[in-house]
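Peer 1: whatever this is, show me its structure:
(chains A, B and C)
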Amino acid sequence: MRIEEHPILTFDRGREVEFTFNGRKMKGYEGEPIAAALHANGVRVLSYSKKLHRPRGFYCAIGNCSSCLMTVNGEPNVRVCTEKLREGMVIETQQGRGDLK
Amino acid sequence: MNRTAEIVIIGGGISGLATAYNLAAMGMKDVVVLEKSYLMSGSTGRCGAGVRQQWGTEMNCLLAKASCEIFENLNEILDYEGDIEFKQGGYLLMAVTEKEVEQFKKNVALQNSLGIKSVLLSPEEALEIVPDLNIEGILACAFHHKDGHANPFHTMIAYAEAAKRLGVKIYTYTEVTGIMVEGGRIRGVKTNRGDIFTGRVLIAAGAWSREVGAMAGVDIPVRPERHQILVTEPVNHRLGPMIMSFAGNIYCQQEPGGEFIMGYGPAEHETYSITSSWDFLEVMCRKAVRFLPYLRNIRIVRQWSGLYEISPDAQPILGRVEQVEGLYVATGFSGHGFMFGPITGVLMAQCILGLPTTIPIDKLDLARFERGELIFEPSVV
Amino acid sequence: MKHAEIAVIGGGPAGLMAALAAAEMGAKVTLVDRNSRLGGQLVKQTHKFFGSEKEYASIRGIDIGRILATEVHKNPNIETMLNSTVVAYYPDDGVLGIEVEEKKWVKMKAERIVVATGASEKYLLFENNDLPGIYGAGAVQTLMNEHGVVPGKNVLMVGAGNIGLIVSYQLMQAGVNVKAIIDAAPSIGGYWVHASKVARLGVPILTSYTVKAAYPNEMTGALERAVIWRVDDRWQPVPGTEKVFNVDVMCIAVGLSPLAELLWQAGCKMMYVPELGGHVPVRNDNMETTVSGIYVAGDVAGVEEASSAMMEGRLAGLSAAKSLGYDDGTYEEKKAEALKELENLRSGPVGGKIRKGLAQLAS
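Peer 2: Residues are numbered from 1 along each chain as shown, chains lettered A, B, ... in the order given. So this is what the prediction gives:
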């Protein structure tokens, strides 16, 4: 869910763009982290742990912890908490460790 | 800490621990291992952990074959709860010069005669094993399907735990400061935590073996050499075997966890420094991409280095030391201590207990350098 | 190979102040930051700062970040490299390896380096602590205050230090329900000003409580329920004291640990000081580490507050410039001033822990 009114902050959002998450069409703002766009669309499970396949979301949101790795435009292991959203991005939950592009 | 011991083993790496385990398994009591830092802090915990049988001397072939057979059964032998992750994806050796092709032919013939079923392949045949290999410039390949890779940390823990169960005492952060020799016999060792009296000492101190040998008045001619290595992010499986080129100076393989691990052997100064350099990173990347172009898209996550202990003929130094009664040595592996570790443990235990060794090791003794009987191994990265 | 007189790594409060101070002395500075904008974690601090005007007291963190970033961008002595991550320091030849936009590899040799890389959030050990919906407090701040997305509907805040209290208040400002704030310690660790703000809004603060377990929603796999239990005076959980919260977000605010990789690579002498967040570099009062020419400032030198990070940054920047011969005669005075400010910031009972930690480092 997005914050529309805030007592202190105003949000300078980029233009609205479309992207897909596992084939589903979604909308977000250009330049925001992919994880923020997904979260605003109700997606909190971003990846699965490699051995036990436990669902994972982000943890640090600033590129430190590697909990949020996804496949973006075919590239595996992208930290979606820092990678910026662009028009038409294809974002997928990674199967296993991801295939090298 | 023990004040007396049947034997004191200096060095908590694979050679020392494997020997400790085998001695205890063969019935020796009061085996003590001393490590100046934590277990595996020297070269074992920093190595590339490849295990190959494709060698150019009979001795190395025999050692490697026997070691590999132990690796295959090590989880069971050591009753290890975990997994040493021994993966036999093979080694693909790539010849890039005519001279190398000739050497490969000789090596394969030698290996086959010793029961190692390596084969010579054309570059096109190599593509069936590594479909993405850039074969440009590759003249021929040698392949052995039973070569592989093990996890050095699990392997060491497996040995350490099995040894401890058999009563071996392992003291970490215990540095040997002197070796007591009286009348040409070992009497004990001095450490930063007190003295231990013993009639036998095994020096398995890797790159630090020369310093330790000097404490007993013995010259062990090994020198430290820094070797660098890097590892990438994990990705789904793409590379089966270890690929390696001697003239191209590279080894690279994908671990069971999906990470690519790779290195090459630059001419490095004699040094105990284990820092990393940026030129290694650049050269390594170029080398890796030259053979496996898809690696241009992979992220590197870590770079480190460790020490080879290079002997004058790049062969291990194993066995009794003639000048000092009770002194033994297992070092000089020249970058191959991990893969030879399991068999080193068996042979050194046999040697120390005065038993005939499964593989004759007389030619690998320290005195060979004085005798001038060096054995040169042509196949080293 | 790129050359720099002074490389400042990290464009947060410490790095910004270091760059400005060194530039003020006349040195040429290259400021490197992995983000696409300067300010570090200041950009999500909506609360007003304490301290004196030297640390921009009574201005919101977010505005301090903007002010400093503008000054940096205006300063002709400072070159800024954004989207640039310093991934390595190679001590053989003193070269920094910098990855630019995850595409380009730049090598930089700097005569002096100020490491101001900050800290990362600690985790907490409990059953299912990896569920989606369990986020670091800083992560929630980033999501909410920087990107305008709320983390969920109902939150359990774990940690009643300043970060836990401030983020709780910010969650409520964004319209999120904070069910409770818990802390394993027997008393509230943060400032009373922050605690009373959330208490006034009716949020219970439960001290001597820790998380027992988290449970997922069967359908989504994300957090649905959290169970806490009391700990006794020996920090042991007391069975039978469990409380259940139906929350879709758990926020972990149990402290930070320094991001000191570069210092380890450089071979700086490090010391484990729990009061400062973990392993921290040994340094002198110029903020220079045991490796000559490498300075530190901010959380990487010991986890503290943005205000003290700024003063440490100023000190490191002044000293690095001075060591290169940049001194118009004002150095000693400016250094003394910065040291005085730091002393003030660390005075009083709240600074006790930091003083204890720094004393260990000095011993």
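
Peer 1: pLDDT weak spots in the stretch 1-150 of chain C?
Peer 2: Scanning the stretch 1-150 of chain C for pLDDT under 70 picks out the ranges C:51.

Peer 1: break down it into its strands, ranges please.
Peer 2: For the stretch 1-150 of chain C, the strands defined by DSSP state E, counting those that start in this stretch occupy C:2-9, C:29-32, C:78-81, C:84-90, C:95-100, C:104-115, C:119-121, C:134-136.

Peer 1: got those strands as JSON lines, with distance to residue B:32 and mean neighbour count columns?
Peer 2: (C-beta placed from N, C-alpha, C; glycine too.) What follows is the strands of the stretch 1-150 of chain C, written out as JSON lines (distance: least, CB to CB, whole Å; neighbours: other CB atoms under 10 Å in any protein chain shown):
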{"stretch": "strand C:2-9", "distance to residue B:32": "46", "mean neighbour count": "23"}
{"stretch": "strand C:29-32", "distance to residue B:32": "50", "mean neighbour count": "27"}
{"stretch": "strand C:78-81", "distance to residue B:32": "54", "mean neighbour count": "19"}
{"stretch": "strand C:84-90", "distance to residue B:32": "39", "mean neighbour count": "22"}
{"stretch": "strand C:95-100", "distance to residue B:32": "43", "mean neighbour count": "20"}
{"stretch": "strand C:104-115", "distance to residue B:32": "43", "mean neighbour count": "21"}
{"stretch": "strand C:119-121", "distance to residue B:32": "41", "mean neighbour count": "22"}
{"stretch": "strand C:134-136", "distance to residue B:32": "46", "mean neighbour count": "27"}
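
Peer 1: show me what contacts residue C:111?
Peer 2: C:4, C:5, C:6, C:293, C:324 (CB atoms under 8 Å, 6 or more residues apart in numbering or on different chains).

Peer 1: what does the stretch 201-350 of chain C have sitting close to chain A?
Peer 2: Proximity of the stretch 201-350 of chain C to chain A, by CB under 8 Å from any CB of the partner chain, involves residues C:216, C:220, C:221, C:222, C:259.

Peer 1: coming back round to it: what's the closest of the contacts of residue C:111 to residue B:5?
Peer 2: Of all these, residue B:5 sits closest to residue C:293, with 47.2 Å by CB to CB.

Peer 1: and residue C:61, how far from chain A?
Peer 2: For residue C:61, the distance to chain A equals 11 Å [CB to the nearest CB, to the nearest Å].

Peer 1: got the contact list for that residue?
Peer 2: C:42, C:43, C:44, C:45, C:46, C:47, C:49, C:306.

Peer 1: now, which of the residues you listed sits nearest chain A?
Peer 2: residue C:46 (4.9 Å; CB to the nearest CB).

Peer 1: surely the closest one touches residue A:3?
Peer 2: No: in this structure residue C:46 lies outside contact range of residue A:3 using CB atoms under 8 Å: 11.9 Å.

Peer 1: run through who's touching stretch C:215-231.
Peer 2: Against stretch C:215-231 from outside (CB under 8 Å, 6+ apart): A:44-45, A:55, A:57, C:128, C:131-134, C:156, C:182, C:184, C:206, C:208-214, C:237-239, C:241-250.

Peer 1: redo that, cut-off 6 Å
Peer 2: Identification of contacts with stretch C:215-231 by CB atoms under 6 Å, 6 or more residues apart in numbering or on different chains yields A:44-45, A:55, C:131-134, C:156, C:182, C:184, C:208-214, C:237-238, C:241-248, C:250.

Peer 1: of those, buried ones?
Peer 2: A:44-45, A:55, C:131-134, C:156, C:182, C:184, C:208-212, C:214, C:237, C:245, C:247-248, C:250 (16 or more other CB atoms under 10 Å in any protein chain shown).
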